[in-house]
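Engineer: okay, structure incoming, though there's no sequence with it:
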């Protein structure tokens with residue numbers, strides 16, 4: 001610490017640090033009648049009024065060696081206020097990954113997919129930022145704290161904020177999610193089972209079916225769909241995820257489609273499409289399409305027969321079987337995706353040409369007429385609006401095209417990983433290239449230099 005010059009009498013000296021947070025006593029040759037009163041008077045004379053440690057003064061007089069500075073007063077720093085924080089009364093994170101069992105199987109039956117709440121349930125309480133605690137110096141100067149920072153209010157839907165501005169309550173029974181600063185409660189519709197007798201389901205929200213789903217039924221939901229029982233040849237379409245705790249045997253009828261992810265125990269003679277990833281134990285004689293990855297996990301992890309398209313790759317334990325079941329696998333960027341990218345490029349070129357034509361005409365008008373005349377010309381104003389509209393259209397299309405190019409780049413790195421046997425009878429295809437393997441064990445199939453190659457896994 002730095003000390004200011006102190007003053008005292010002939011046998012002691014009091015010094016105060018530059019920041020006035022500490023005061024020290026240094027004793028020289030002490031008289032027999034040395035006492036604390038004299039020191040207290042000197043402290044008072046120097047303005048030291050706070051944080052005085054009288055025990056330290058007595059101790060210094062009794063035992064401490066001469067000419068050794070001892071701290072006898074301490075200030076207290078200001079304590080800044082605690083930042084505001086949210087206290088949640090529900091699980092803010094739900095692990096959506098099925099549990100791997102000791103025998104290598106995957107437990108889809110007990111997978112948790114979302115957290116539910118009841119109407120008027122207390123969800124969140126916001127603890128406001130604290131003001132903090134004042135501090136002081138040894139000379140009695142107050143030190144002002146900084147108030148803690150407040151957090152922004154939660155945004156979202158399906159809840160109310162009480163008059164205290166701190167308590168959030170649910171407006172309905174439903175599913176709750178916390179996405180960064182968004183608190184979203186959406187409706188949850190629960191059914192014991194869905195059959196032709198119960199009728200179809202078409203809802204804005206999430207669906208939970210506790211039993212099975214019969215043939216020739218239809219289930220559509222804007223949110224997630226969770227089915228505990230078996231699924232027959234039904235049409236199931238989700239704007240979110242689909243979770244099938246058991247499996248599907250659809251006799252090559254119906255359709256299972258999800259905009260995000262599909263998780264299921266197994267697919268037999270099913271038609272499954274997904275804009276995201278697909279996870280299952282096994283698939284047999286099914287048609288499966290995913291813009292993301294397809295993963296057949298666990299000790300089974302089987303893919304036998306049918307046709308599978310995995311834009312971002314495929315993983316399985318065994319593919320095909322010893323009987324040579326025909327199993328077609330397409331991986332990497334699909335023809336449709338490349339076609340769409342080409343169409344986007346051509347469309348952008350058309351828009352650019354239109355903008356150039358409109359801009360030339362626009363500039364010609366500006367050369368011929370004054371601003372006053374131009375502002376009254378309908379054709380000129382229409383050109384101005386057309387240029388603005390086309391430029392915005394081009395920006396939006398360019399943004400979509402950039403995202404698609406990123407998707408293609410990721411898909412071009414896709415591969416097929418086989419932890420067990422890859423049997424004869426499997427047909428691979430990627431970007432127009434085809435390849436049929438002999439039976440091998442533990443391999444990785446990928447595209448390299450425009451050819452499908454096989455590597456040891």
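Structural biologist: Done, it's in. Predicted model only: the values in this text are computed from it and were never measured.
Engineer: could you check the pLDDT of residue 410?
Structural biologist: Residue 410 is assigned a predicted lDDT (pLDDT) of 82.
Engineer: hey, where'd the helices end up in the stretch 51-200 of the chain?
Structural biologist: With helices called from DSSP state H, counting those that start in this stretch, the stretch 51-200 of the chain shows them at 54-62.
Engineer: low-confidence ranges, it, go.
Structural biologist: Applying pLDDT under 70 to the stretch 51-200 of the chain picks out residues 64-65, 95-112.
Engineer: can you show me the strands along it?
Structural biologist: 70-74, 85-88, 99-100, 106-107, 115-117, 122-127, 135-136, 142-143, 155-157, 159-161, 167-170, 174-179, 182-191 (DSSP state E, counting those that start in this stretch).
Engineer: which residue is the nearest non-sequential neighbour of residue 442?
Structural biologist: Excluding the flanking residues, the one nearest residue 442 by C-beta to C-beta, 6 or more residues apart in numbering is residue 457, at 4.4 Å. C-beta here means a position set from N, CA and C on the backbone, and glycine is covered the same way.
Engineer: before we move on, back to that, would CSV of the strands of the stretch 51-200 of the chain with mean neighbour count and distance to residue 323 be doable?
Structural biologist: Formatted as CSV, these follow (neighbours: other C-beta atoms under 10 Å; distance: least, C-beta to C-beta, whole Å):
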stretch, mean neighbour count, distance to residue 323
strand 70-74, 20, 86
strand 85-88, 14, 54
strand 99-100, 13, 29
strand 106-107, 18, 25
strand 115-117, 17, 45
strand 122-127, 18, 55
strand 135-136, 18, 82
strand 142-143, 13, 83
strand 155-157, 13, 54
strand 159-161, 15, 56
strand 167-170, 18, 55
strand 174-179, 19, 44
strand 182-191, 18, 40
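Engineer: wait, which of the ones you listed is closest to residue 366?
Structural biologist: Among the strands of the stretch 51-200 of the chain, the nearest to residue 366 by C-beta to C-beta is strand 155-157 (45.2 Å).
Engineer: thought residue 317 was touching residue 304?
Structural biologist: No - counting by C-beta atoms under 8 Å, residue 304 is not a contact partner of residue 317; they are 11.1 Å apart.
Engineer: nearest to residue 364, out of the strands of the stretch 51-200 of the chain?
Structural biologist: Among the strands of the stretch 51-200 of the chain, the nearest to residue 364 by C-beta to C-beta is strand 155-157 (48.8 Å).
Engineer: elements contacting that closest one?
Structural biologist: strand 182-191 (3 or more C-beta pairs under 8 Å, 6 or more residues apart in numbering; DSSP states H and E).
Engineer: what packs against the strand it packs on?
Structural biologist: Under the contact criterion of 3+ C-beta pairs under 8 Å, 6+ apart, strand 182-191 touches strand 155-157, strand 174-179, strand 201-203, strand 206-209.
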